[in-house]
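Asks: got a predicted structure plus its sequence, pasted below:
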2 protein chains.
Amino acid sequence: MTINIIKNYLSLAPLFLVLLLTMLFSAPYANAQSKVYNWKLAYTWPTDFPLFTVSIKNMAKHAKELSNGRLNIIHESSTVHKKPLGIFDMVQSNEYQMGQSVGFYWQKKDVNTAILASVPFGMIAQERYGWFYHGGGKELTEKVYKKYGLKIFPSGNVGMQMGGWYKKEINSLEDLKGLKIRIPGLGGTIMQKIGVEPTNMQAGQLYKALESGELDAVEWANPGIDLNMKFYEHAKYYYTGWQEPAVELQFLVNEKAYNDLPKDLQKVLTTSMKLAAFEGFINYHHGNITKFKQLLTDHPDIKIRAFPTKVIRALAKETRKALEEIIKSGDPLTKEILNSQLNYLKDARQWTRFGDQAYLSNTVPLLPFK
Amino acid sequence: MTINIIKNYLSLAPLFLVLLLTMLFSAPYANAQSKVYNWKLAYTWPTDFPLFTVSIKNMAKHAKELSNGRLNIIHESSTVHKKPLGIFDMVQSNEYQMGQSVGFYWQKKDVNTAILASVPFGMIAQERYGWFYHGGGKELTEKVYKKYGLKIFPSGNVGMQMGGWYKKEINSLEDLKGLKIRIPGLGGTIMQKIGVEPTNMQAGQLYKALESGELDAVEWANPGIDLNMKFYEHAKYYYTGWQEPAVELQFLVNEKAYNDLPKDLQKVLTTSMKLAAFEGFINYHHGNITKFKQLLTDHPDIKIRAFPTKVIRALAKETRKALEEIIKSGDPLTKEILNSQLNYLKDARQWTRFGDQAYLSNTVPLLPFK
């Protein structure tokens, strides 16, 4: 009897072996391959803000598809979470595993975050991507955010910011003196030095303040999102830019949450973010093109102007002083970050000047065929 | 005894069930998830040609990592396959499942492939990406290649081409008459109309032909790859560009091979190509920046020049005529492709002009801090 049972078991041995091996090899695989990571992303903007949010939506879609559903990223606008300026903190605390915002908002925590976002008289978008991926920008950016337990990635460049909407034409430095202008951040600090009274107001109050004359000018963004603000109804002079030539939006990721992802999902996430940032950049560029056309077609009384050379020179001089102050107030990284950008800019601008810029100023675009 | 055996087997029933279920559910999954697709890609360039090949290497790396090794793309240079201009045919026949090249080379098969690559006096890189992804460019490009059983994707923009290396300065149309210039393609056709004798020569002969005076000028590419050719040793005048403002490299994929991929690997492949194209574009831009710096630093006797306005106007006039000829010789798509680009260009250039261009011509870049 005992012998028979043993015999029976022995005859089943190959089956046991198969079972054992199947379990050994498929169980951890199935486990790693089937666990779904549900992540939450919070962003600064309201729900209906397509040019800023397309890189978020694309990133989440890529991540889901590339992971066969294993990396599921739900995104929440500030219309929902009510903390547009709380993204940094909420990602740091892992309340949200990811965020999307812009570095300017964290300048009181760390001034380096602001000078990483964009610098007046600095690089344009294409130059900035060269610096970021090949000129040391990525490494410096990561160094700044690592202190806070955050990983950081590009989320799309919004391109050239315009200089703002003005009620009257600016022909000299004198014309700017005493003007009340909505211009926040470093641009405002610099403008104050040449006699402007910079103010900051809630977005919803700006139109009325222009209408009533409480404000003489408003610096907002670029055609992609300026169109909807209708500032042109009370300020016809639309000035070209100097203060924010290439702001890059940012994805913030909680470092611990990132490290807890299996390695293949880390690759899925970084790939999805990098591709979505590029898509966001091109999409924003297209948005600027179409909205600018609409602005000029529907409102032919808008006048595009560049600030006079004397104004630009004064602004550049004050920018230099303001950045010197920032270098003094910051840590050793501050100067390193600025000089890394400005050294790259020197070389990059030389090529921009004889490549695209020479072409743009020396040729006239072909017109469509009848 | 028999009862005992049955009992023994019955006691094993749950184990059998587990085994059966494990096999049932893991087998097809393991099968779909473990089949490795080994693809071959052929490209036009020699092995050591980093600025043109970085998008290939990155694409293959992304595909491998994102598929956990299931999509394995081996790439072969023309140093190996010996058919630099055979990429189209070799992908069409599925000898290679993929290729990387540039559309200019297929103009004798289909003139639409050439005008999709870049048009004189047309869009710059950033404008072109707007057109491609949001202005109908992608759909038109796919339509042209679909006829040949090929799928097509961007593989990185090489940016502004320079106008060429000239032995003497060009101050008038007269100065160009009778010059022997290496300038292939549409650029050559147009230059011929204003009195140049365009020639095409093997790359290896160009330096000697410039040295001996057999050639008066050579149009090649841009600083990224011009540096190594050393044309500056015999032709000091480096002219800014007009003829190829934004050539986009291309990935070609055999349609049948693509359709045979599981859906998740199709997503892996398209994601990998799109990201790698962006990386290639930025990497090439960086290459232009660093090589241009090296050119100007190591060879201070190089003189950068723009063609005089009269020359540019004559070239633009002949470009228009040449494109009208091409429209006549082509199919209905030819005009549609050209006008799709030129209509987009009209709007895009308006934004470029008041966005980046106004900034570039109205400001001076900040210099590094001491």
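Replies: Received it, and whenever you're ready, just let me know what you need. Numbering: from 1, shown residues only, chains lettered A, B, ... in the order given.

Asks: buried ones in the helix or strand encompassing A:Gln205?
Replies: Here A:Gln205 sits within helix A:203-212, counting by DSSP states H and E. If you call a residue buried by 16 or more other CB atoms under 10 Å in any protein chain shown, then helix A:203-212 has these buried ones: A:Leu206, A:Tyr207, A:Ala209, A:Leu210. In short, each C-beta sits where N, CA and C put it, glycine included.

Asks: off-centre distance for that helix?
Replies: The chain centroid and the centroid of helix A:203-212 are separated by 26 Å under CA atoms, centre = their mean, to the nearest Å.

Asks: got any ranges where the stretch 1-150 of chain A has weak pLDDT?
Replies: When residues are selected by pLDDT under 70, those of the stretch 1-150 of chain A lie in A:1-33.

Asks: go with 90
Replies: A:1-34, A:118 (pLDDT under 90).

Asks: how about the helices in the stretch 51-200 of chain A?
Replies: According to DSSP state H, counting those that start in this stretch, the stretch 51-200 of chain A carries its helices in the segments A:78-81, A:87-92, A:111-117, A:125-134, A:137-146, A:173-176, A:185-193.

Asks: closest to B:Gly164 out of these?
Replies: Across those, the minimum distance to B:Gly164, taken as CB to CB, is reached by helix A:125-134, at 23.3 Å.

Asks: between helix A:137-146 and that closest one, find me the angle.
Replies: 70 degrees (axes from the mean of the first three to the mean of the last three CA atoms, to 10 degrees).

Asks: beyond the top helix by length along chain A, next helix or strand please.
Replies: For chain A, the helix with the greatest residue count under DSSP state H is helix A:263-298. Sequence order places strand A:303-305 as the next helix or strand after helix A:263-298, per DSSP H and E.

Asks: that following strand - contacts with which helices or strands?
Replies: In terms of contact count using 3 or more CB pairs under 8 Å, 6 or more residues apart in numbering or on different chains; DSSP states H and E, strand A:303-305 is assigned the packing partners strand A:237-239.

Asks: quickly run through the sheet partners of the helix or strand that the strand it packs on is followed by, with directions.
Replies: Heading C-terminal from strand A:237-239, the first helix or strand you meet, by DSSP H and E, is strand A:248-254. Strand A:248-254 has these partner strands in its sheet, going by DSSP bridges: strand A:98-102 (antiparallel), strand A:150-157 (antiparallel).

Asks: can you list contacts of the longest one?
Replies: Translated: strand A:150-157. With contact meaning CB atoms under 8 Å, 6 or more residues apart in numbering or on different chains, strand A:150-157 is reached by A:54-56, A:59, A:88, A:91-92, A:100, A:125, A:128-129, A:132, A:141-142, A:144-145, A:246-255, A:258, A:270, A:273-274, A:276-281, A:283-284.

Asks: residues in contact with the helix holding A:Gln205: which ones?
Replies: The contact list for helix A:203-212, computed with CB under 8 Å, 6+ apart, reads A:165, A:167, A:182, A:201, A:214-215, A:217-218, A:220, A:229-231, A:233-235.

Asks: who does the nearest residue to A:Lys57 once chain neighbours are set aside bridge with?
Replies: In space, A:Lys57 comes closest to A:His75 once its chain neighbours are excluded; the distance is 7.3 Å by CB to CB, 6 or more residues apart in numbering or on different chains. On the basis of DSSP bridges, A:His75 is bridged to A:Leu41.

Asks: can you pull the contacts of A:Leu173?
Replies: With contact taken as CB under 8 Å, 6+ apart, A:Leu173 is in contact with A:Ile194, A:Gly195, A:Lys310, A:Val311, A:Ala314.

Asks: quick one: the residue lying closest to A:Phe354 once chain neighbours are set aside and B:Gly188, what's the gap?
Replies: Nearest residue to A:Phe354 in three dimensions, chain neighbours excluded: B:Ile304, at 5.2 Å (CB to CB, 6+ apart). Distance of B:Ile304 to B:Gly188, computed by CB to CB, to the nearest Å: 22 Å.

Asks: of these two, which one has the most company?
Replies: When neighbours are counted by other CB atoms under 10 Å in any protein chain shown, B:Gly188 comes out ahead of the other of B:Ile304 and B:Gly188, with 19 against 16.

Asks: give the burial count for the residue nearest to that one when sequence neighbours are not counted, as a bare number.
Replies: Take B:Gly188 and drop its neighbours on the chain: the residue closest to it by CB to CB, 6+ apart is B:Pro198, 3.5 Å away. Under the neighbour criterion other CB under 10 Å, B:Pro198 is assigned a count of 18.

Asks: dump the residue contacts of B:Pro198.
Replies: Under the criterion of CB under 8 Å, 6+ apart, the neighbours of B:Pro198 are B:Ile181, B:Arg182, B:Ile183, B:Pro184, B:Gly187, B:Gly188, B:Thr189, B:Met191, B:Gln192.

Asks: at 10 Å instead, please
Replies: Residues touching B:Pro198, when contacts are defined by CB atoms under 10 Å, 6 or more residues apart in numbering or on different chains, comprise B:179-185, B:187-192, B:219.
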